[in-house]
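> just need the structure, nothing else, for what follows:
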Amino acid sequence: MTYTIACLMAALSFLINKTLLKYVGPKVVLTYGPAVEEAAKTLLAWYLGADILATHIMFGLLEGGYDWLTSGLNGTKAAVCSVAGHTLFGVITVGMIDLTGSVWLAVSGAIVTHVIWNTVIIRLYAKGDAKE
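Reported below is the predicted structural model:
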């Protein structure tokens, strides 16, 4: 069930993010995107009793595979960042559930972490691109 949830949520997130990019623009990467992804994969896994950490990791692997295939020369870096990031978000989510007992606080913490992560990664890539 965990892998099915991860696949479904990756597909749903891809479609929602693509639509949001079209109508909102690139700022969606630092706004709605993290909220959509973290809420979708965590809440469905939580309410269906699936492994939340495994769902996050699998989601990261799927996103990483997509990044690897579509990101040209930076594909490997993007893929590694996707897997590492979503694993981190999963660890934080599970840790916050353990600490607080609240899936909603856990999702909130993962969203904040995801926004920070995306901001840092974008700034690092922007600096790297400027040097090249």
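> ranges for the helices of this structure?
Ranges of helices in the chain, per DSSP state H, are 2-23, 32-48, 52-70, 75-100, 103-131.
> dump those into JSON lines; add mean pLDDT as well.
As requested, these are exported to JSON lines (pLDDT from 0 to 100):
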{"stretch": "helix 2-23", "mean pLDDT": "88"}
{"stretch": "helix 32-48", "mean pLDDT": "93"}
{"stretch": "helix 52-70", "mean pLDDT": "94"}
{"stretch": "helix 75-100", "mean pLDDT": "96"}
{"stretch": "helix 103-131", "mean pLDDT": "88"}
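> now tabulate these in JSON lines and tack on mean neighbour count.
All C-beta spots, glycine's among them, are computed from the backbone N, C-alpha and C. Listed next are those as JSON lines, based on neighbours: other Cβ atoms under 10 Å:
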{"stretch": "helix 2-23", "mean neighbour count": "16"}
{"stretch": "helix 32-48", "mean neighbour count": "20"}
{"stretch": "helix 52-70", "mean neighbour count": "20"}
{"stretch": "helix 75-100", "mean neighbour count": "18"}
{"stretch": "helix 103-131", "mean neighbour count": "15"}
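> quick one: contacts for Thr113?
Residues in contact with Thr113 (Cβ atoms under 8 Å, 6 or more residues apart in numbering) are Leu88, Phe89, Ile92.
> ignore what I typed, I meant Glu37.
Taking Cβ under 8 Å, 6+ apart, we find Glu37 in contact with Met9, Ser13, Asn17, Phe59, His114.
> quickly name whichever of those is closest to Val36.
Set against Val36, the nearest of the contacts of Glu37 by Cβ to Cβ is Ser13 (5.8 Å).
> does the closest one touch Thr42 like I think?
No: counting by Cβ atoms under 8 Å, Ser13 does not reach Thr42; the two are 11.8 Å apart.
> contact partners for Val80?
Going by Cβ under 8 Å, 6+ apart, Val80 touches Gly64.
> all set, thanks.
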